[in-house]
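**Q** Sequence first, then the predicted structure, then my questions.
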Amino acid sequence: MEPWHGGEHGDRGRCVLAPNPGLMTLDGTNTWILREPGARRSIVVDPGPLHDDHLDAVAAVAGEVDAVVVTHHHIDHTEAARSFAERMGCGVRGLDADQCWRADPVVDGEQIELDGLRLEVHHTPGHTRDSISLLVEEDRALLTGDAVLGRGTTVIAHPDGDLAGYMDSLERMRGLVQDGRVATLWPAHGPVLADAAGVLDHYRTHRRERLDQVEQALAVLGRTPPLDPDAADDPILARRVVEVVYADVDESLWGAAEWSVRAQLEYLARRTR
């Protein structure tokens, strides 16, 4: 596996990797600086943690910053957002007003233009309710936040995460590929993914397979549809499903797996009502 260090991608993207590697953050948070070639101003996406050396590196690459945009509210993306915006003399934008500072929320379908740079906002919920992706049209690139990761697959954590919404988001992203608007994915963790179509197809297949495994585990446990409406909030059921489905996975990952299982139980309960 090649180490990931960020760097330049396309004609408009530069990734500065934050020094916060971990189980959930992989190599660290990718802070993306987007700027039209030859332009003076930039947009900074997901400034990441409050780490002086990282923010100094972002500022050095970004130059004059017109706006900070966050892909969702998780702290590994947003902790430094306001302080970095204050430093650079701009505002913070996200889907929810609570994320914003001295700026309006972004809107699904919004076109953001800056010195020739064109971004298109896509609401892609599932990982969180407030997740967005940003289309860099001229580079045929999609910044996916945590909806798609550079390695592995993302966690859909109940109750903020929603599997039905996530499946819809994958379809929406796949539609951008089919329309010829996206060829590569620029995630918020891990390396750039050159085969957008293949990755998204893998993600969709993976989710369907996991759902099948959860349904099979429920059958083993004697819990056949229809599920109780509150099945996702039953910690004993969720853990027993994890023990069946993730029996071959290191137990240190079972906590995250349980979040995903709860989201899947909610999806199945909704589907069988």
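**A** Cool, got the structure. Please read all numbers here as calculations on a predicted model, not as lab measurements.
**Q** Enumerate every residue touching W32.
**A** W32 sits next to 13-15, 44-46, 143, 186, 188 when contact means C-beta atoms under 8 Å, 6 or more residues apart in numbering. Where you see a C-beta, it was placed from the backbone N, CA and C, and this is true even at glycine.
**Q** can you rerun that using 7 Å?
**A** Going by C-beta atoms under 7 Å, 6 or more residues apart in numbering, W32 touches 13, 15, 45-46, 143, 186.
**Q** what about burial for the residues you listed, which qualify?
**A** Neighbour-count burial within the contacts of W32 applies to 13, 15, 45-46, 143, 186; the criterion is 16 or more other C-beta atoms under 10 Å.
**Q** Now, these that are in strands?
**A** 13, 15, 45, 143, 186 (DSSP state E).
**Q** Give the bridge partners for the third one, please.
**A** When bridges are assigned using DSSP bridges, the partners listed for V45 are W32, V69.
**Q** ok, it touching L143?
**A** Yes - here V45 reaches L143: they are 6.0 Å apart, a contact under C-beta atoms under 7 Å.
**Q** Could you dump the contacts of W32 into TSV with distance to D168 and pLDDT added?
**A** Formatted as TSV, the contacts of W32 follow (distance: C-beta to C-beta, whole Å; pLDDT from 0 to 100):
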residue	distance to D168	pLDDT
G13	26	98
C15	27	98
V45	23	98
D46	23	98
L143	19	98
W186	21	98
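**Q** Among these, list the two that are farthest apart in space.
**A** Spanning the widest gap among the contacts of W32 are G13 and D46, at 12.6 Å by C-beta to C-beta.
**Q** Can I get the contacts of W32 in a markdown table including distance to R204?
**A** A markdown table is the format used below for these (distance: C-beta to C-beta, whole Å):
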| residue | distance to R204 |
| --- | --- |
| G13 | 25 |
| C15 | 26 |
| V45 | 25 |
| D46 | 25 |
| L143 | 20 |
| W186 | 19 |
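**Q** hey, what's I112 bridged with?
**A** Note on I112: beta-bridge partners by DSSP bridges are L119.
**Q** Look at it and say how many residues are nearby.
**A** If you count neighbours by other C-beta atoms under 10 Å, I112 ends up with 18.
**Q** One more: the one 5 residues further on?
**A** Summarising burial for L117: neighbours were counted as other C-beta under 10 Å, giving 20.
**Q** separation between it and S133?
**A** Distance of L117 to S133, computed by C-beta to C-beta, to the nearest Å: 16 Å.
**Q** can you check R270 too?
**A** 24 Å.
**Q** okay, these two: which has more neighbours?
**A** It is S133, of R270 and S133, that has more neighbours when counted by other C-beta under 10 Å, with 25 against 15.
**Q** OK, contacts around the more buried one?
**A** By C-beta under 7 Å, 6+ apart, the contact set of S133 is 122, 124, 142-145, 147, 173.
**Q** Isn't S42 up against A60?
**A** No - the criterion here is C-beta under 7 Å, and S42 misses it with A60 at 11.5 Å.
**Q** more crowded one of the two?
**A** Per other C-beta under 10 Å, whichever of S42 and A60 has more neighbours is S42, with 25 against 10.
**Q** residues contacting the closest residue to the more buried one other than its chain neighbours?
**A** Nearest residue to S42, sequence neighbours excluded (C-beta to C-beta, 6 or more residues apart in numbering): R35, at 3.9 Å. Counting by C-beta under 7 Å, 6+ apart, R35 touches 12, 41-42, 117.
**Q** Go again with 8 Å.
**A** When the contact criterion is C-beta under 8 Å, 6+ apart, the partners of R35 are 12, 14, 41-43, 62-63, 114-115, 117.
**Q** With G22 instead?
**A** By C-beta under 8 Å, 6+ apart, the contact set of G22 is G28.
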